[in-house]
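# Structure here, sequence nowhere to be found:
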Ligand SMILES: O=C(O)[C@@H](CO)OP(=O)(O)O
Ligand SMILES: [Mg+2]
């Protein structure tokens, strides 16, 4: 048994230069630190990110959340045993008194929960990934994941006119994580040269997650240039494409239409049914193995239409819920009932505790979904999700481009985990 002796919180800054929360917990085994990430294209059902003042502007300070850590959550969990993650997470929820931290903030609860996992691992003499594997009952299936690297940025993450938010490469044909990293970084560098030639000056500036943000607004064009880069690198058949359209960002709730040129001057409205046809066309033409948030966060219907079409066509593409499911068991259950998707994007701050994230994962897996662990567009140096994905053994992670330290920190941590353990690599359904 190892108990919480002190909790200290501070405001630090994330990769976008916005304030966020960090916590230090001490036990007899030492000091354990964790920091909270922050999204830009956040789902409306996510647990509350508490910022000072009344607006939701991300540049606002988080001193209220800091105060809540030190004066509300901290005292509530003081003296509790850090090896009992479930009990501490339940205490955080009970103290807040709402299902998703609407009173004191998930950005106050989450770093405590993550630091407790680190402290618990130390108390048991285990690496973090092994502790998380045990907490989720998945010790026997731990593995390093296919890194889905976001190499072209659009949407809310970039200053270009491109509507879809993320175009990722997934080097699933690698023999191990180290090779996947090498393949990903080679494709990334080839893409840089191709973009420079095709689009000139400014085309290789990057978005929030390190992917290029070229002056493109045709949503199909990135698929073409990415495949060109994959070809030049010599990895055709070994690298798939994953997309995150983040379609909630350009949906009109009244007209139920999507504006595929929402950052450009002239709108380009299309219906959910037309979007589904567009995705199907792309999936037939390109090796797209994953589409996240292809529709609005409440448009379960269009999700279900696309999933059914993909299955009927025998395509390998997974349909991933992010804003739709917000890493919360209730929303996952809803999506299971409505057959809206077959994959969960897992972001710990959408739910606010490590236990909540594990619950959502296990529920999704119980219906044969895949699970892609994910960073946020606003990240810190904290590498927690690298250990989480290996411990849960989901086989997929998205944590940005193979550049920028807040992204490579996680990728490099997985290189270390692979070196240390020789864990198996990859996601079984994605094979070369
Ligand atoms: O939509 C997403 O999946 C994420 C991470 O890539 O973006 P954000 O953190 O801005 O929600
Ligand atoms: Mg998303």
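All right, it came through fine. All of these numbers come straight from a predicted model, not from anything done at the bench. Ligands and ions are numbered 1, 2, ... in the order given.
# Just to check, residue 278 is in contact with residue 270?
Yes. In this structure, residue 278 sits in contact with residue 270. The criterion is Cβ atoms under 8 Å, and the distance is 7.4 Å. Placement of C-beta: from N, CA and C, glycine included.
# what about those two, which has more around it?
Neighbours around residue 278 and residue 270, counted as other Cβ atoms under 10 Å, are more numerous at residue 278. The numbers are 16 against 13.
# per-residue pLDDT, residue 40?
Reading off the confidence values, residue 40 has pLDDT 94.
# got the contact list for it?
With contact taken as Cβ atoms under 8 Å, 6 or more residues apart in numbering, residue 40 is in contact with 16, 58, 156, 157, 208, 377, 378.
# Narrow these to those in helices?
When DSSP state H defines the helices, the subset of the contacts of residue 40 inside them is empty.
# how about the residues you listed, which pair is most distant?
58 and 157 (12.5 Å; Cβ to Cβ).
# between those two, which one's more packed in?
Taking residue 58 and residue 157 together and counting by other Cβ under 10 Å, residue 157 has the greater number of neighbours (28 against 20).
# Tell me how many other residues crowd the residue in the stretch 201-350 of the chain that ligand 2 sits nearest to.
Residue nearest to ligand 2 within the stretch 201-350 of the chain: residue 322 (3.5 Å; Cβ to the ion). Neighbours of residue 322 under the rule other Cβ under 10 Å: 30.
# re earlier: contacts with ligand 1 among the contacts of residue 40, please.
Residues shared between the contacts of residue 40 and the neighbourhood of ligand 1 are residue 377 [Cβ under 6 Å from any ligand atom].
# which one in the contacts of residue 40 is the model shakiest on?
Looking at those by pLDDT, the weakest one is residue 58, with 82.
# Which residue is the nearest non-sequential neighbour of that one?
Nearest residue to residue 58, sequence neighbours excluded (Cβ to Cβ, 6 or more residues apart in numbering): residue 18, at 4.6 Å.
# what do you get for residue 16?
Sequence neighbours aside, residue 378 is the residue nearest to residue 16 in space, at 4.7 Å (criterion: Cβ to Cβ, 6+ apart).
# circling back to that earlier point, mind picking the one among the contacts of residue 40 that's closest to ligand 2?
When those are ranked by distance to ligand 2 (Cβ to the ion), residue 377 comes first, at 8.9 Å.
# need the contact list for the closest one.
16, 38, 39, 40, 41, 156, 157, 208, 209.
# Please check these and keep the buried ones.
The neighbour-count criterion (16 or more other Cβ atoms under 10 Å) marks 16, 38, 39, 40, 41, 156, 157, 208, 209 among the contacts of residue 377 as buried.
# Get me the contact residues on this structure for ligand 2.
Selection of the chain residues close to ligand 2 by Cβ under 5 Å from the ion yields 244, 293, 322.
# Check those residues one by one and keep those near ligand 1.
244, 322.
# Can you add distance to residue 144 and give the contacts of residue 377 back as CSV?
Shown next, in CSV, are those (distance: Cβ to Cβ, whole Å):
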residue, distance to residue 144
16, 28
38, 26
39, 25
40, 28
41, 27
156, 30
157, 26
208, 25
209, 20
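# what's the average pLDDT for stretch 220-231?
The pLDDT scores in stretch 220-231 average 98.
# Please apply the same query to stretch 352-365.
The average pLDDT for stretch 352-365 rounds to 98.
# now do stretch 71-78
Here the mean pLDDT over stretch 71-78 is 98, rounded to a whole number.
# buried set for that stretch?
Neighbour-count burial for stretch 71-78, counted by 16+ other Cβ under 10 Å, picks out 72, 73, 74, 76, 77.
# can you pull the contacts of residue 284?
With contacts defined as Cβ under 8 Å, 6+ apart, the neighbours of residue 284 are 313, 315.
# With residue 88 instead?
With contacts defined as Cβ under 8 Å, 6+ apart, residue 88 is in contact with 77, 80, 82, 112, 113, 116.
# Repeat the analysis, applying 10 Å as the threshold.
With contacts taken as Cβ atoms under 10 Å, 6 or more residues apart in numbering, residue 88 has the following neighbours: 4, 73, 76-77, 80-82, 112-113, 116-117, 119-120, 353-355.
# same question, residue 48
Under the criterion of Cβ under 10 Å, 6+ apart, the neighbours of residue 48 are 65, 96, 98, 100-109, 352.
# Overlap in contacts, residue 278 and residue 270.
Shared contacts of residue 278 and residue 270, defined by Cβ under 10 Å, 6+ apart, are found at 258, 260.
# three-state assignment of residue 408?
Here residue 408 takes the helix state, with states given by DSSP: H, G, I helix; E, B strand; the rest coil.
# What's opposite residue 344 in the beta bridge?
Here residue 344 sits in beta bridges with residue 321, residue 371, going by DSSP bridges.
# burial of it, as a residue count?
Residues contacting residue 344 under the criterion other Cβ under 10 Å number 32.
# So it sits against residue 358, correct?
No. Taking contact to mean Cβ atoms under 10 Å, the distance of 11.9 Å between residue 344 and residue 358 leaves them out of contact.
# residues in the chain within reach of ligand 1, list them.
Of all the residues in the chain, those in contact range of ligand 1 (Cβ under 6 Å from any ligand atom) are 39-42, 165-166, 209, 244, 246, 322, 345, 374-377.
# returning to what we had before: please spell out the PyMOL selection for the buried subset of the contacts of residue 48.
With 16+ other Cβ under 10 Å as the criterion, this PyMOL line picks the buried residues out of the contacts of residue 48:
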select buried, resi 65+96+100+101+104+105+106+107+108+109+352
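# all helices for the stretch 201-350 of the chain, in order.
Listed in chain order, the helices of the stretch 201-350 of the chain (DSSP state H, counting those that start in this stretch) span residues 221-233, 272-285, 300-312, 329-337, 348-351.
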